[in-house]
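Q: Quick one: sequence plus predicted model below, questions after.
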Amino acid sequence: MDSRTEPAEQEPETVSGRPDTPARPPLARELLLVVGLFLVYKFGRQLANGHTGEAFRNAHRVWDAERFLRLPGEGSVQDVLLRGDSLVHIANTYYATVHFPATLLFLVWLYVRRPRYYVWARRILAALTAAALALHLAFPLAPPRLLDAAHLVDTAQKYGPSVYAAKPATDSMANQFAAMPSLHFGWALMVAVGLIVATSSRWRWLWLLHPLLTLFVIVGTANHYWLDALAAAALLGVALAVIRLPRPARSRIVRRSAGAAPATEGATAPALPARPPLPTREPVAAAASSSTTATSAPAPATALAASATTSAPIPSVSGADR
């Protein structure tokens, strides 16, 4: 017997002709949704502008908390970048240009190649961004490059390129007091997690280099504190715990013998032959009874001889015979 397996039936949301491939959401709707979420986030961050005094007070609190927790100083990372102008320029370019394009390419790739994971990843990013926006409004925070107590260099202003204005008060395009949490790190970490989950290559763990490099850049350029990255990782962990990964389709295994024709849709499986009834014990008992009867009955000749002997009279002896 040779056992073969048949693939699982397609789920209701799968595309016809492509097993185990869920239908993609409408492209126009997704574009409007992603662009709308981005605009809400960009304009929502502007609401935290103008809280200069509170932002710097929170910056001193965060700086003191890191020293209390004995976290390494951000200056030790920046010293590595300041060893060469080219390295600082590359780090500033990475900070300014990789953040949004990398996340957008991640979503586009999932939409085209892994639609089962696309909606899940988009929901995670939306939840993470919404939580970050709420924290930006509730806890405005000046970055370490603006904090005098940190003694750090504003690498973007000194070496370029920079995405921020020289003075936060005159910056109408970005909110420089939205340091915590760091969405640069949060989005980069989600990109790595999503690619690790959606792919099966043994090299997929190398995607973790993206958030590690991002962490090195955002700290080395003095745009974020260590705690900014930790806060983003915590928010992402909560989002991943609440928004679960979609379950893969269950496989159904059907075994059949070699040479048998594959079952067609709607066909009924052939019925198994009926099991023959077990023989009863009545014939055996009847045979035993007949054998006993035949053995106990005397033969006819023997029976007649015995009867004649029993019934014959005994002759008497007279006196003449004496």
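A: Thanks, I have it. Residues are numbered from 1 along each chain as shown.
Q: alpha carbons only for contacts and neighbour counts from here, please
A: Noted.
Q: What is the burial count for Leu104?
A: The number of residues packed around Leu104, counting by other C-alpha atoms under 10 Å, is 13.
Q: Sticking with it, tell me its helix or strand.
A: In this structure, Leu104 is located in helix 99-113 according to DSSP states H and E.
Q: neighbouring contacts of that helix?
A: Around helix 99-113, the neighbours that count as contacts under C-alpha atoms under 8 Å, 6 or more residues apart in numbering are Arg24, Tyr117, Tyr118, Ala121, Arg122, His184, Trp187, Ala188, Val191.
Q: try stretch 35-45
A: Judged by C-alpha under 8 Å, 6+ apart, the contacts made with stretch 35-45 from elsewhere in the structure are Ala126, Thr129, Ala130, Leu133, His136, Leu137, Ala174, Asn175, Ala178.
Q: Tell me the first helix or strand C-terminal of the helix or strand hosting the second one.
A: The reference is to Thr129. In this assignment (DSSP H and E), Thr129 forms part of helix 115-138. Using DSSP H and E, the next helix or strand after helix 115-138 towards the C-terminus is helix 155-159.
Q: So which bits of the helix or strand that that following helix is followed by are buried?
A: Along the chain past helix 155-159, the next helix or strand (assigned with DSSP H and E) turns out to be helix 183-198. With burial defined by 16 or more other C-alpha atoms under 10 Å, the residues of helix 183-198 counted as buried are 183-196, 198.
Q: Low-confidence stretches in the stretch 101-250 of the chain?
A: Per-residue confidence for the stretch 101-250 of the chain (pLDDT under 70) gives these ranges: 166-173, 248-250.
Q: let's see 50
A: Across the stretch 101-250 of the chain, no stretch falls below the confidence threshold (pLDDT under 50).
Q: about what we covered before: how far off helix 183-198 does the helix holding Leu104 point, in degrees?
A: An angle of 20 degrees separates the directions of helix 99-113 and helix 183-198 when computed by axes from the mean of the first three to the mean of the last three C-alpha atoms, to 10 degrees.
Q: follow-up on the earlier one: which among the contacts of stretch 35-45 end up buried?
A: The neighbour-count criterion (16+ other C-alpha under 10 Å) marks Ala126, Thr129, Ala130, Leu133, His136, Leu137, Ala174, Asn175, Ala178 among the contacts of stretch 35-45 as buried.
Q: can you redo these as CSV with distance to Leu213?
A: Conversion of those to CSV gives the following (distance: C-alpha to C-alpha, whole Å):
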residue, distance to Leu213
Ala126, 23
Thr129, 21
Ala130, 24
Leu133, 24
His136, 24
Leu137, 27
Ala174, 23
Asn175, 23
Ala178, 21
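Q: ok, so of these, who is nearest Val88?
A: Closest approach between the buried ones among the contacts of stretch 35-45 and Val88, by C-alpha to C-alpha: Ala174, at 21.8 Å.
Q: And that closest one, how far from Ala165?
A: Separation of Ala174 from Ala165 (C-alpha to C-alpha, to the nearest Å): 8 Å.
Q: One more: Gly53?
A: As judged by C-alpha to C-alpha, Gly53 and Ala165 stand 18 Å apart.
Q: Those two: which is more packed in?
A: Ala165 (16 against 12).
Q: From Gln176, how far off is that one?
A: 9 Å.
Q: Run a quick neighbour tally on Val77.
A: Summarising burial for Val77: neighbours were counted as other C-alpha under 10 Å, giving 17.
Q: That one belongs to a helix, doesn't it?
A: Yes. With DSSP: H, G, I helix; E, B strand; the rest coil as the criterion, Val77 is located in a helix.
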